Every structure is written in structure tokens, then in C-alpha cells.
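# sequence isn't available, so here's the structure alone:
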């Protein structure tokens, strides 16, 4: 009973964190279309929180010089995968403890 509730809560918190990060990635992508002020604290926050995830993806993309940054799309797809696979797997595992 205890472990079932623990893993269910863990799955819920992980799902919320992934959803929040998904929206942060979306906001960063939208802001990049309008040439934001790099000294704006919100813009700095968005870049600081997303760049550690997006920069390695950007470096590994073979077509990085075409002028379109598709790393947000790849990160969004990875988040959706994690929500569909990892979070749901933790939930199913939690049910085995109940």
C-alpha cells in the first residue's frame, strides 16, 4: 500500500514536471521567432533552463546549418515519449504494489 502510493505520487510529480518543461520549451521556441531582448530576465531564464537540453541535440543534428532549429521539436517528442512510456510504466508498477 505505501509503495503503491509512493510510486503513484512519483509518476504524478514526474508527469507535471515534464508537462511544465514542455511548455517552457514551447515558450522558448515562440520567443525565438520575435528576436527577443537577450537582457530580459524572462528570456535569460528560458535560455538558461532549456539550453543544457537543446544544445547537445543541436550539436548532433547533421543539418544544423540550414537556418531552422528543430531541436525544440526533438525535445518535445522526447518529453511526449517519456510521458507515454516512463510515467505510465511507473503508474502500472504502482498498481502492482496496491
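Happy to help now that I have it. Here the structure is a predicted model, which is why all the values come from computation and not from measurement.

# where does pLDDT dip in the protein?
Scanning the chain for pLDDT under 70 picks out the ranges 64.

# helices of the protein, start to end?
With DSSP state H, the ranges of helices along the chain come out as 2-32, 41-60, 71-82, 88-96.

# mean neighbour count for those helices - can I get that in TSV?
Quick note: C-beta positions are derived from backbone N, CA and C, even for glycine. Converted to TSV, these look like this (neighbours: other CB atoms under 10 Å):
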stretch	mean neighbour count
helix 2-32	15
helix 41-60	13
helix 71-82	16
helix 88-96	13
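
# not counting sequence-adjacent ones, nearest residue to residue 8?
Once flanking residues are discounted, residue 8 sits nearest to residue 94: 4.1 Å by CB to CB, 6 or more residues apart in numbering.

# contacting residues for the one you found?
With contacts defined as CB atoms under 8 Å, 6 or more residues apart in numbering, residue 94 is in contact with 3-8, 10-11.

# my guess is residue 14 contacts residue 87, does it?
Yes. Contact criterion CB atoms under 8 Å: residue 14 and residue 87 qualify, at 5.6 Å.

# so what's in contact with the two at the same time?
The overlap between the contact sets of residue 14 and residue 87 (CB under 8 Å, 6+ apart) is empty.

# returning to that earlier point: rebuild the contacts of residue 94 as TSV, extending it with distance to residue 34.
Putting the contacts of residue 94 into TSV (distance: CB to CB, whole Å) gives the following:
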residue	distance to residue 34
3	48
4	47
5	45
6	43
7	42
8	41
10	38
11	36
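
# return the member of the residues you listed nearest to residue 32.
Minimum distance to residue 32 across the contacts of residue 94 is 31.7 Å, recorded for residue 11 (CB to CB).
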